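Asks: test case, fold it:
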Amino acid sequence: MMLFMSRVVVFAKDLDRLASFCGETLKLPFRGNREAGWREFDAGDCRIVLHKGSRGETPPRPTKIVFACDDVEATRNDRNGRGAWFGKVMVAGDLLLCDGKDLEGNPIQLSN
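Replies: Here you go, the predicted structure:
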């Protein structure tokens with residue numbers, strides 16, 4: 001049986017601020033709260049879940065979330081214009097890649 005990624009859980013220091021970044025800056029559709037301290041966004045075949053974690057818990061090592069798009073350069077320019085930070089577009093074989101960080105320093109990437 002094949003497994004498919006259904007969500008990526010990111011532990012957030014400032015849940016509301018990071019949720020705003022995901023919804024307003026990255027333009028990911030909000031899918032609601034399942035419980036207090038939990039924000040879920042649609043990211044195509046995968047869901048991005050922001051979780052406040054336990055009180056006093058240090059967030060684990062960050063996971064890079066990769067967002068697929070048809071036009072990496074145009075998407076980079078649009079999202080940077082909305083307050084995101086993505087660096088220059090790089091070529092790796094047939095892939096165009098653009099690394100960035102969210103508001104809490106977690107690595108994110110755009111890729112075709």
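Asks: list the contacts for the closest residue to residue 112 other than its chain neighbours?
Replies: Nearest residue to residue 112, sequence neighbours excluded (CB to CB, 6 or more residues apart in numbering): residue 96, at 4.8 Å. (C-beta placed from N, C-alpha, C; glycine too.) Residue 96 makes contacts with 72-73, 89-90, 111-112, as judged by CB atoms under 8 Å, 6 or more residues apart in numbering.
Asks: who wins for neighbours among those?
Replies: residue 72 (22 neighbours; other CB atoms under 10 Å).
Asks: pretty sure that one sits against residue 109.
Replies: No: Residue 72 is beyond contact range of residue 109, at 9.6 Å (criterion: CB atoms under 8 Å).
Asks: what's the distance between the spatially closest residue to residue 72 that is not a sequence neighbour and residue 30?
Replies: Once flanking residues are discounted, residue 72 sits nearest to residue 96: 4.2 Å by CB to CB, 6+ apart. Distance from residue 96 to residue 30, counting by CB to CB, to the nearest Å: 28 Å.
Asks: whichever helix or strand residue 74 is part of - contacts with which helices or strands?
Replies: Residue 74 is part of helix 72-81, with elements assigned from DSSP states H and E. Counting contacts by 3 or more CB pairs under 8 Å, 6 or more residues apart in numbering; DSSP states H and E, helix 72-81 is packed against strand 85-86, strand 95-101, strand 107-111.
Asks: list the buried residues of the last one.
Replies: By neighbour count, and taking 16 or more other CB atoms under 10 Å as the criterion, the buried residues in strand 107-111 are 108-111.
Asks: that one vs strand 95-101, what angle?
Replies: If you take axes from the mean of the first three to the mean of the last three CA atoms, to 10 degrees, strand 107-111 sits at 150 degrees to strand 95-101.
Asks: partners of strand 107-111 in the sheet?
Replies: Sheet pairing of strand 107-111 (DSSP bridges) gives strand 65-68 (parallel), strand 95-101 (antiparallel).
Asks: would you single out the least confident of these?
Replies: Mean pLDDT is lowest for strand 65-68 among the strands paired with strand 107-111, at a mean of 87.
Asks: got the contact list for that strand?
Replies: 8, 10, 26, 43-44, 48, 106-112.
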